[in-house]
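Asker: Build me a model:
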Amino acid sequence: MKLVVRLMMVLLFACTVTLYGCGGGGGDEESIDGLLRGVGWLYDNAPADLSSHDIGLGVWLYYDQTLATSDIQGFTVTAPDGGHWTVTATSNLFGTTRNGPYVTGRLVNSNTPSRLPLAGTWTFTLRLKNGTISSIQKKFHEPGSSADATHPYVYVKEDWTPNSNTSQYVAALGRFSAYNYALQYSAGVGSITSTGLANIRSMYFNAEPTAYNMYCWLYDANRVYLGYTITEYSASDHSSTGLVTPGGELAISAAATTGASGPVDLSLVKYIRFVYVDGAQFSPGYGYDYRSVSYLVPVN
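Answerer: Numbers count the residues shown, from 1 in each chain. Below you'll find the predicted structure:
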């Protein structure tokens, strides 16, 4: 099976700082030498206008802070079904969070762009340039569950349907609709609001009961990323932040956004993507394991 590594796209596949962390719930088996401290993971369901692979697996290998980035050659990932990825470390794959320094990558499979392995034991191995290796094993969760996964594969239902052994497959978190509602910018108020979104949200939640939180990515007229909004619900207690009104309509103010140099100028926003994450099975403050990204929605 041909497995492919794609470099982590900052806008789509990196953790978003407004949320409470990327996946990786559950325990890791500690590495023998302690150099590899933990693993974060996140399945993403991406639309065709954003990725040539419907489903990808973002992984973050957290390592001991005594290591320098120049010490690290890269890492390998072995899936429960024997699939294998090798990621060569480059400067844009390193970062630091409250969990410590990490090296990251997005894993996809060109032979099955809508399907990836899920249940069983995954092995992550950090490789140093001096030949040292450090490994951790991990089990992933089912979508919308804190229990270890039981389905061998996870797939994107919008783009593919298993044609055999369907009991071995579980669907990832579905994408939010980009149709049958309208978004508009109000210059006088300086906000972006919606009309007809409430009904679409109701249908979405009926179809996706594990969807737990939402935020938006913002783009200009050339579809260049500008920034992101706060989440619909607070990470600490799941209370409403006001991004969505009690009536179910969107209400984005500049103060609720973050761009490269501060709040986003909403007059420049001509497209939005709705990004949903799972996590209702977790306590507030816990990481999410699955994320879905909508197609671009125009702002009038």
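
Asker: Give me the number of neighbouring residues for the closest residue to K270 other than its chain neighbours.
Answerer: Setting aside the residues directly before and after it, K270 is nearest to A221 in space (Cβ to Cβ, 6 or more residues apart in numbering), at 4.4 Å. (Glycine included, C-beta is placed from N, CA and C.) A221 has 11 neighbours, counted by other Cβ atoms under 10 Å.

Asker: mind checking how far A221 is from S194?
Answerer: 19 Å (Cβ to Cβ, to the nearest Å).

Asker: what domains does the record give for the protein?
Answerer: When the chain is parsed with automatic domain parsing, its domains come out as 3-171, 182-298.

Asker: can you pull out the strands in the stretch 201-300 of the chain?
Answerer: 211-219, 225-229, 251-253, 257-259, 271-278, 290-293, 297-298 (DSSP state E, counting those that start in this stretch).

Asker: Identify, out of those strands, the most deeply packed stretch.
Answerer: Among these, ranked by average contacts under mean count of other Cβ atoms under 10 Å, first place goes to strand 290-293 (a mean of 26).

Asker: Quick one: list the elements packing against that strand.
Answerer: With contacts defined as 3 or more Cβ pairs under 8 Å, 6 or more residues apart in numbering; DSSP states H and E, strand 290-293 has these neighbours: strand 36-45, strand 271-278.

Asker: run the last query once more with 10 Å
Answerer: Strand 290-293 sits against helix 10-13, strand 36-45, strand 55-63, strand 211-219, strand 271-278, with contacts defined as 3 or more Cβ pairs under 10 Å, 6 or more residues apart in numbering; DSSP states H and E.

Asker: Flag the shaky bits of the stretch 201-300 of the chain, pLDDT-wise.
Answerer: Along the stretch 201-300 of the chain, the model assigns pLDDT under 70 to residues 285.

Asker: For the stretch 1-150 of the chain, which segments count as strands?
Answerer: Along the stretch 1-150 of the chain, counting by DSSP E, counting those that start in this stretch, strands occupy 3-6, 36-45, 55-63, 72-78, 84-88, 94-97, 100-109, 115-117, 121-128, 133-139.

Asker: helices or strands up against whichever helix in the chain runs longest?
Answerer: In the chain, assigned by DSSP state H, the helix with the most residues is helix 197-207. If contacts are counted by 3+ Cβ pairs under 10 Å, 6+ apart, helix 197-207 sits against strand 211-219, strand 271-278.

Asker: want to try CSV for these, with distance to A119 as columns?
Answerer: Output for the helices and strands packed on helix 197-207, formatted as CSV (distance: least, Cβ to Cβ, whole Å):
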stretch, distance to A119
strand 211-219, 22
strand 271-278, 16
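
Asker: Return the residue of the chain that is most distant from the centre.
Answerer: Most distant residue from the mean C-alpha position of the chain: G188, 34.3 Å away (Cα atoms, centre = their mean).

Asker: Quickly find the element holding it.
Answerer: Assessed by DSSP states H and E, G188 sits outside every helix and strand.

Asker: Now do the end-to-end distance for stretch 281-292.
Answerer: One end of stretch 281-292 sits 17 Å from the other (Cα to Cα, to the nearest Å).

Asker: buried set for that stretch?
Answerer: 281-282, 286-292 (16 or more other Cβ atoms under 10 Å).

Asker: list the contacts for I200?
Answerer: 176-181, 194, 248, 274 (Cβ atoms under 10 Å, 6 or more residues apart in numbering).

Asker: can you tell me how far it sits from L296?
Answerer: 16 Å.

Asker: and if you look at V264?
Answerer: V264 sits 16 Å away from L296, going by Cβ to Cβ.

Asker: So which of those two has more stuff around it?
Answerer: The neighbour comparison of V264 against L296 (other Cβ under 10 Å) goes to V264, with 22 against 17.

Asker: Now that one. Its backbone dihedrals?
Answerer: phi -80, psi 140 (degrees, to the nearest 10).
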